[in-house]
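Enquirer: only the shape, not the letters, is given here:
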Ligand code: LLP
């Protein structure tokens, strides 16, 4: 459920008509709804009501906007971060350091030190040398790093290959078969409080079965580790729950997920940690765009919009589907391909799709763009960096400015030794 609805024939974000934002901020622009964000944060938390000890860390890679993070901080969410930059954002948004989990397959020594200096709650170790380095850096600081070991459960998440992370051939975690030996060696290191394990098998999962299979494997690992004398107090179950993008999509609900988690983990007696991203932020945002031209095509016309693959990369990268809707729908339909201005055929949002009829000058949105949208934007083709707006009832604010192509050019220089 979201708060982007037609009122008197005009699409609104909460109480703000989208044409107002287009007129005042310009397009393309991401528009987020605070009410939707808060609702999703609460729904996910409620879904885990039968999990006695839990920690919620929003995977901020999916939407690191400070305004968005502030809303979630107030909802009691911490952060799952994967870089020093994300770590600073989480702190700047008001999230407590101890609520921050540092994941990521290629943390630098400088980032490990930064996490320690900032006093974050937990490091998710991806392989043995990283754990050894963290122990060494912590020891030099006369401190102890809380850590868990990420394991790769070798489960096929059944999602797009580029966002699947839990198969043996993927780069993430240590093989679950070798995890006990690695755990034992790392647990013996002074400077490290190795207190559990982590997993994350992929994103946009539309079935609970692979998650359940992975959790069961990890449950057996927890028993084995305890039998070997280790104290296991934390298990990080990652993120990955899918959201509906297309009409008719029916991914498992947070409630179904929560019930499965509670059932599978009921005897674990650990603090369960969660790293939800898309399920919190996906449906809280739209990308508002203007139709520039409607151009005849071989089979169907091209609707050329002012948003492009640099603003919303998912269709070009993963052939992802984002629903397209006119801001003032007439009820008429047309079949068209929706494309952006970038000079690549891959700059295509939809091919030969039946959509709301639109013409040049009309406004439209790509829905479900609140996760992995603005954060993956670039300035390719020397386009501006897309701005972001947060709506709260009848007010809104620009939470990220449009960064003009000229501002980016101003950060470049031509060497005087070229001529
Ligand atoms: N935890 C870890 C360790 C992750 O790698 C990820 C996502 C998450 C949590 C959050 O997963 P979520 O709940 O959002 O599925 N750019 C791609 C998605 C990449 C996901 C990367 N890792 C997309 O646009 O579909």
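Expert: Noted; the coordinates are in hand. This one's a predicted model, so the numbers in the text were calculated from it and none came from an experiment.

Enquirer: which secondary structure state does residue 365 sit in?
Expert: strand (DSSP: H, G, I helix; E, B strand; the rest coil).

Enquirer: can I assume it is in contact with residue 329?
Expert: No - using Cβ atoms under 8 Å, residue 365 makes no contact with residue 329, being 10.9 Å away. Yep, even glycine has a C-beta here, placed from its N, CA and C like the rest.

Enquirer: so for the two, which sits in the more crowded spot?
Expert: residue 365 (26 against 18; other Cβ atoms under 10 Å).

Enquirer: so what's the more buried one up against?
Expert: Residue 365 makes contact with 4, 11, 18, 31, 286, 287, 288, 289, 324, 325, 327 under the criterion Cβ atoms under 8 Å, 6 or more residues apart in numbering.

Enquirer: got it, and residue 59?
Expert: Counted by Cβ under 8 Å, 6+ apart, residue 59 has contacts 79, 80, 239, 275, 276, 277.

Enquirer: what's opposite the first one in the beta bridge?
Expert: For residue 79, the beta-bridge partners are residue 58, residue 100 (DSSP bridges).

Enquirer: just the pLDDT at it, thanks.
Expert: If you check residue 79, the pLDDT there is 98.

Enquirer: the residue in the stretch 301-419 of the chain that the ligand sits nearest to - nearest residue in space that isn't next to it in sequence?
Expert: In the stretch 301-419 of the chain, the residue that lies nearest the ligand is residue 372 (3.1 Å; Cβ to the nearest ligand atom). Nearest residue to residue 372, sequence neighbours excluded (Cβ to Cβ, 6 or more residues apart in numbering): residue 62, at 5.3 Å.

Enquirer: please verify my assumption that the residue of the stretch 301-419 of the chain closest to the ligand contacts residue 278.
Expert: Yes - in this structure residue 372 lies within contact range of residue 278 using Cβ under 8 Å: 7.0 Å.

Enquirer: one step back: ok, and which of the contacts of residue 59 reach the ligand?
Expert: 80, 239, 275, 276, 277 (Cβ under 6 Å from any ligand atom).

Enquirer: now those as CSV including distance to residue 154?
Expert: Below are the ones next to the ligand among the contacts of residue 59 laid out as CSV (distance: Cβ to Cβ, whole Å):
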residue, distance to residue 154
80, 22
239, 19
275, 20
276, 23
277, 23
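
Enquirer: which two of these have the greatest separation?
Expert: 80 and 276 (8.7 Å; Cβ to Cβ).

Enquirer: mutual contacts of those two, please.
Expert: Common neighbours of residue 80 and residue 276 (Cβ under 8 Å, 6+ apart) are 58, 59, 239.
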